[in-house]
Structures are given as C-alpha cells and as structure tokens.
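S.K.: Based on what follows, work out the 3D shape:
(chains A and B)
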Amino acid sequence: MEKRVRFKSSWLPWLLIAPQMAIVLVFFFWPAAQALRQSVMSQDPFGNNSEFVGLENFERLFADASYLESFKTTAFFSVLVAVCGLSIALLLAVMANRVLRGAGVYKTLLIWPYAVAPVVAGVLWLFMFASPMGVIAYWLRMLGLDWNHLLNSRHAMALIVVAAVWKQISYNFLFFLAGLQSIPKSLIEAAAIDGASPWRRFWTIVFPLLSPTTFFLLVINVVYSFFDTFGIVDATTKGGPGKETSILVYKVYYDGFKAMDMAGSAAQSVVLMCIVIALTVIQFRFVEKKVQY
Amino acid sequence: MASITLNKVFKRYGSGKTANLVIHGVSAQIADGEFVVVVGPSGCGKSTLLRMVAGLEEITGGEISIGNRVVNDLEPSERDIAMVFQNYALYPHMNVFDNMAYGLKIAKVPMDEIKARVDKAAKILEIGAFMQRKPRELSGGQRQRVAMGRAIVRQPQVFLFDEPLSNLDAKLRAHTRLEIQKLHRELGITSLFVTHDQVEAMTLAQRMIVMNAGVMEQFGTPEEVYNRPASTFVATFIGSPPMNLLKNAPEARPGTILGVRPEHLAITSEGWALCVDALETLGAERLVYGRWLHGAGDELVIIRTDEGQPVPELGSTIHVTPRADRLHWFDATTGKRQ
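M.R.: Now for the predicted structure:
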C-alpha cells in the first residue's frame, strides 16, 4: 500500500503547510535575518540612522577581552551543567530502574522540575541561597561556609549551575530511564553469570549500551546551558558579581538592551547562531545515525 | 563436572493474598554428565526452574545443590554454571572474541590462556572466521553458536540452556540439535535444557522432566515417557498426534480412561466399530479420524496407518484393534497412570 499521500493539485500541499511556514518565517527566519543585517551595520543608540560597516562589529567583538572572558565562563558553565546534570540523572535513573514499589510516584516526582519555568527555578534557588535567611545559606553558615553569591563569583557560579542542573535533571532522567529499560535484562543476567560484579556490569555493559543516549543528552545539555539558561541567570545573579556569571546569551541581552550596543549584540547573536548550527549538525550527523557500538 | 539435586523446590511470586505459586515442590536427581531436558507447555514453570538453578530467581523453598554444594544463597557467578539464553544475550557492543572472553577476563585468566580457550571453542563451533565481528553482523545461527561458545570457554560444571533453538528456522534447528548432541558427547558436561518442543526433548534428552502447571509430571528416559506416560497430561503432550484418551471404549471400566496411541491401532476385519469422520494424509502416513458407532458419547479416535494401506471411505464403517500390550489405563479423576 502506498503510504505517501498524493495530492492532485500542486497548490494544496503548499496551502496546508503555509501556517507552519508562516510561523517559522516570522518568528525564526525574520529575526535571524535582522540579526544578520544588524551585525554588519552600525547604529546610533536611538536607532535613527545606521550605516554599513562590514565585519567591523565582529573584529571589535573578538578584540574585546570581556567577550572572550564570557566565552570561557560559558564553556565552564556548560561543562559543569552537562557533567553534573548527566551524572546525577544517570544515578537517579539507575536507582529508579531498580525500584519495585511506588516506581510511578518516584518517577513522577523526578519529572516535575521540568515543568518549572527557568526564571521560577532561578528564583526558587535564589530564595534558598539568599544570604541572611535562605535555608541553604543558613545551613552552609552552620557548616562554617559564609555563603554570599553577590560578592563571591564562585558562589554565584555554583548557584546558577545548581538551578540549571536541577531543572534539566528531569529531562536527562527520562531519557536515561528509557535507555536503561531498553537494555535487555538477559544481557545483565548473562554478565552476572559471567561473574561481573554490579559495578563492573554497569561500566562494561550498561554504560556502553547507553552511549547513544548519553551522547544525545550531552548535545542537548550543552545547547540548554548555552541558550535556555538566560532566565536563570537573569533571575539570580544578573551576570554578576562583575561579569563573572555573564554567559554568552546573557551578554547578548546585556550589551544590546542595557548597554545599548545593538550592533555588537547582533554580532554576538550571529556567533551564537553559528554555535547552534554547529551543534545541530553534530547532533544530526551522529545521533540520527546513532553512536555506533 | 557435577550432579544437580533439586530437593522439594518451591517458587512463589508475591506474598499474602496475591501470592502466586509457580513451582510446586519439584524433586529430581540429575547425574554427573547427564543431559536432561525440561519440557512443558508455556507457563508451566520450566524456565523459572532453570533460572532458579542459575541463580537468577530466588528459591522460595527447598534446596538446589550443584555438585554436593547447596547453592540456594550463592550468586550466579559462584555456582560455576554457564547459560545459553533464548535471545542469546550477546553483548552488542563487543565483537565475538570479546563476547566469549568477557567471563574469562573477569576471572583474571591470563590472556594467552583466554586466547587458547576461545580459539579452541571457536574451532569446535566453526565460528573462527568472524571473531572480529559484532553480533549484529551475524546471522541467527551464528549468534546461537557464539552464545554456545561463550558458555563453553568458561568450562563450567553445568550447562543451562533456555530454549536456545526456538529462534532458529526449522532446518537450522534440526541441524543444531545434532550439534548439541555431539558437543555433549565430546564435553560430557551436565546439561539442563529447557524447551517447549517435544521433538527437541525426545531427541536430545537422556532423561526428561515433563512439567505441567508447576508440577513435575514425570521424570524418565524418552522411551519411558513415551511408552509408560505417568499421567494423561504426559500421554497427550508427548507424541504427535497425541494419544487417544478414551472413556467410552468397549473395554472401558467406569472411573478409568483407556489410552492408546494412534500408531497402536490397526484397521482389522473385527474389533472396535468406528465411523470414518475425516482423513489426513501426511506423506508417509495417514491419519484416520473415527467416531464410535455404539453411540456411547461423542469421542474422536485417531488411527495412524501407512500410506500403503487401503484408504477407508468417509462415512464408512471400519473396525480397529488396539495392540494389547500397548494399552494404558489412567484414573479418570486424577489422570494418573494405574
């Protein structure tokens, strides 16, 4: 049986995809084109007139030490988020996979944080870490650690990492759990008969078989920490103290809307666009074909 | 090498009101070097029994010993067994060599001995040509051999087979059956083989355990099981077409069932009068389905005849005589042999 639908007229299929295409064009392609255009223009702060400057904005950008610093901050942040997010989620998934009673409740509770908006997640953790009366800050002070993310850049970084990881764990957890459940039980049993300890079984059988999932999640988590953590940063540290937690997306916003450097901000967003395209290509090239094992 | 002893083995899933007893006290002695097949319909508990020997299922009650050592509380790895799974359970990310060497590496066998053992097993099973391939690059039959190879290299005391032939096509299955027989002759390792296929059971077993609903119905050689079935269940489960179980035969006594195999009924000029209901020709033989003419209840009698015999007409009356030395009497209520 032919699965593909065949249309007699040539305009009907176009008409049917038109709403979707309109949304994509208006909300994705147009802003992207605008950013591209602005990145090669120079504009006065009031947006009254602008002139073509070629790649000057990019030259200025890459000569700017604070921009390169933001790159480092972002790299550090995304490595922390990806590594912590993946390892904690994997641990939880392995444990959830062994739960016999109340597994549904356990899983549901673990999935909940995903429904929380990034800003709300940020505020939630901000309250808990708030210096004088936040509950975690209070415990930390009892342990002898004087928590202050407004002054201490490491504390600030830790705060946004915790909030970002907490929100992303649910997503990672779901995929890891599905990955674990797709590993045939007989493989684990065969390894047990072969004399492998649970620890060894995990590292030589389960973990390699999860590698497609892990790789997929790694890309997703890097994309997440690059682009979806704006709300968390804005709600908690606002890039501070100084520029210590000003990751790339935050800097785009700050330079454009606070510092009113529209051209520089546009150039930055073009750079981010390139990163996202690169990550997407990696994902399609490797994940779609599945990591070979 | 070791014997296996099952002593009143019970298996129950769950507890309290929802408890589900799946093995009802199985006792059996399997001698050192013996090849025993556990056969029964699906859900009879045969795989559970095997998994309990392997240590993959907890033993609810009773005792299992391997080589005079009670293994109830031992981990699978400590029981010195190897198992071939129904889906082969090959590690998909390892090549054939690594699959076979995995257990030996864990046991810290020196690398040159691992190589020697794997090579030897590969030679026996004729899989030497694809040692570097991944399982997904192998055919079903090749995978099955690798799974066997992985079991062989461990040099265990006991082989456990969990329906290892059920994923092969009919031709390959018949071939592999012979290979397993040959392998067992060469290695002489005590083997427990689970299947639902009676042909596999009859051809492979030195002795067989027939199971039904968690109960061991009979434990004996294929000849014993075939010639002296212990219950009506065994009588109908082993043999194709199954044994005729007749309540209304002329000789029948109340409260008993007369069992007679289709091949032990001969069409004669005198004897039981039957009306021919249907005919089936199976090449070398023919099955004649008859119904009682004496009107004592509706019962189908199957008679197996050679294709050379004259063909009875449908609806005609025939007379059949059972072989007097091949009659089996069963209790009508318990189904047990009398």
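
S.K.: Any regions of the stretch 151-293 of chain A where pLDDT drops low?
M.R.: A:287-293 (pLDDT under 70).

S.K.: can you pull out the helices in it?
M.R.: Secondary structure of the stretch 151-293 of chain A, counting by DSSP state H, counting those that start in this stretch: helices at A:153-181, A:185-193, A:198-201, A:207-209, A:211-223, A:230-236, A:248-253, A:262-282.

S.K.: helices or strands next to the longest one in the packing?
M.R.: Which is helix A:153-181. helix A:65-98, helix A:103-111, helix A:118-129, helix A:211-223, helix A:230-236 (3 or more C-beta pairs under 8 Å, 6 or more residues apart in numbering or on different chains; DSSP states H and E). In short, each C-beta sits where N, CA and C put it, glycine included.

S.K.: so B:Asn244 touches B:Gly259, yeah?
M.R.: Yes: if you go by C-beta atoms under 8 Å, B:Asn244 and B:Gly259 touch, sitting 6.8 Å apart.

S.K.: contacting residues around residue 169?
M.R.: Chain wasn't specified; assuming chain A. Residues near A:Ile169 by C-beta atoms under 8 Å, 6 or more residues apart in numbering or on different chains: A:Gly85, A:Ile88, A:Ala89, A:Leu92, A:Leu110, A:Pro113.

S.K.: other chain: chain B
M.R.: Per C-beta under 8 Å, 6+ apart, neighbours of B:Asp169: B:Gly140.

S.K.: Kindly report the same for B:Leu90.
M.R.: B:Leu90 touches B:Asn99, B:Pro135, B:Arg143, B:Val146, B:Ala147, B:Arg150, counting by C-beta under 8 Å, 6+ apart.

S.K.: give me that answer again for 10 Å
M.R.: A:186-187, A:190, B:96, B:99-100, B:102, B:134-136, B:138, B:143-144, B:146-147, B:150 (C-beta atoms under 10 Å, 6 or more residues apart in numbering or on different chains).

S.K.: Tell me the bridge partners for B:Asp162.
M.R.: B:Val194 (DSSP bridges).

S.K.: what sits against it?
M.R.: Per C-beta under 10 Å, 6+ apart, neighbours of B:Asp162: A:186, A:189, B:38, B:46-47, B:50-51, B:54, B:56, B:83-87, B:89, B:192-195.

S.K.: Not including adjacent chain positions, what is the nearest residue to the residue of the stretch 101-250 of chain B at minimum distance from chain A?
M.R.: Of all residues in the stretch 101-250 of chain B, the one sitting closest to chain A is B:Gly103 (3.5 Å; C-beta to the nearest C-beta). Setting aside the residues directly before and after it, B:Gly103 is nearest to A:Asp194 in space (C-beta to C-beta, 6 or more residues apart in numbering or on different chains), at 3.5 Å.

S.K.: cool, B:Asp80 as well?
M.R.: Per C-beta to C-beta, 6+ apart, closest to B:Asp80 is B:Gln157, 4.5 Å.

S.K.: Verify the stated contact: that neighbour with B:Ala2.
M.R.: Yes: using C-beta atoms under 10 Å, B:Gln157 is in contact with B:Ala2, at 4.0 Å.

S.K.: Distance check, the most centrally placed residue in chain A against chain B.
M.R.: Centroid-nearest residue in chain A: A:Tyr224, 1.0 Å away (criterion: C-alpha atoms, centre = their mean). Distance, A:Tyr224 to chain B, by C-beta to the nearest C-beta, to the nearest Å: 27 Å.

S.K.: can you check A:Gly240 too?
M.R.: When distance is defined by C-beta to the nearest C-beta, A:Gly240 is 46 Å away from chain B.

S.K.: list the contacts for that residue?
M.R.: Listed by C-beta under 10 Å, 6+ apart, the contact set of A:Gly240 reads A:His149, A:Leu150, A:Leu151, A:Ser153, A:Ala156, A:Val233, A:Ser246.

S.K.: can you list those residues in JSON lines and add neighbour count?
M.R.: Converted to JSON lines, the contacts of A:Gly240 look like this (neighbours: other C-beta atoms under 10 Å in any protein chain shown):
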{"residue": "A:His149", "neighbour count": "26"}
{"residue": "A:Leu150", "neighbour count": "13"}
{"residue": "A:Leu151", "neighbour count": "12"}
{"residue": "A:Ser153", "neighbour count": "16"}
{"residue": "A:Ala156", "neighbour count": "24"}
{"residue": "A:Val233", "neighbour count": "28"}
{"residue": "A:Ser246", "neighbour count": "24"}
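
S.K.: Just give me the closest of those residues to chain B.
M.R.: Nearest to chain B among the contacts of A:Gly240, with distances taken as C-beta to the nearest C-beta, is A:Val233, at 38.9 Å.

S.K.: what about the residue lying closest to the closest one once chain neighbours are set aside, neighbour count?
M.R.: Spatial nearest neighbour of A:Val233, chain neighbours left out: A:Tyr250 (4.8 Å); criterion: C-beta to C-beta, 6+ apart. A:Tyr250 has 23 neighbouring residues, counting by other C-beta atoms under 10 Å in any protein chain shown.
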